[in-house]
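Student: Model the following, please.
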Amino acid sequence: MSTGLAITLIIVALIVGAVGGFFISRQYMMKYLKENPPINEDMLRMMMTQMGRKPSEKQVRQVMSQMNKATDKPEKKKK
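Tutor: Numbering: from 1, shown residues only. Down below sits the predicted model:
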């Protein structure tokens, strides 16, 4: 095997590995964030209380629905 062919194969393998690793890690993180959302209703209530607001159940649900719409919107565009 010539040296040029070996170097070319190594470079191609590195590029394929980097691209594959990027997409695998991206898919893993999207799945993880979907299963474990970064904020839930209890955390939202705590944040609103710390800001000096007494959140009603309607306010909490409204903010959560807005956040869910914002996170679901990019996924729907791709499909």
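Student: Next secondary structure after the top helix by length along the chain?
Tutor: The single longest helix within the chain, with elements called by DSSP state H, is helix 3-35. Downstream of helix 3-35, the next assigned helix or strand under DSSP states H and E is helix 41-50.
Student: helices and strands around that following helix, which ones?
Tutor: On a contact count with 3 or more C-beta pairs under 8 Å, 6 or more residues apart in numbering; DSSP states H and E, helix 41-50 meets helix 57-78. (Glycine included, C-beta is placed from N, CA and C.)
Student: What residues of the helix it packs on count as buried?
Tutor: Val63 (16 or more other C-beta atoms under 10 Å).
Student: and what of stretch 26-34?
Tutor: Of the residues in stretch 26-34, none is buried (16+ other C-beta under 10 Å).
Student: could we number from 13 for the rest of this?
Tutor: Yes, from this point I'll number from 13; that puts the last item at stretch 38-46.
Student: Output that stretch as PDB - backbone C-alpha positions only.
Tutor: What follows is stretch 38-46, C-alpha atoms only, in PDB (Å, rounded to 0.1, in the frame of the first residue of the first chain):
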ATOM      1  CA  ARG A  38     -26.600  15.400  18.900                       C
ATOM      2  CA  GLN A  39     -29.300  12.700  18.800                       C
ATOM      3  CA  TYR A  40     -28.400  11.500  22.300                       C
ATOM      4  CA  MET A  41     -28.700  15.000  23.700                       C
ATOM      5  CA  MET A  42     -32.000  15.700  22.000                       C
ATOM      6  CA  LYS A  43     -33.400  12.400  23.400                       C
ATOM      7  CA  TYR A  44     -32.000  13.200  26.900                       C
ATOM      8  CA  LEU A  45     -33.500  16.700  27.000                       C
ATOM      9  CA  LYS A  46     -36.900  15.400  25.800                       C
END
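Student: what domains does the record give for this structure?
Tutor: 13-48, 51-91 (automatic domain parsing).
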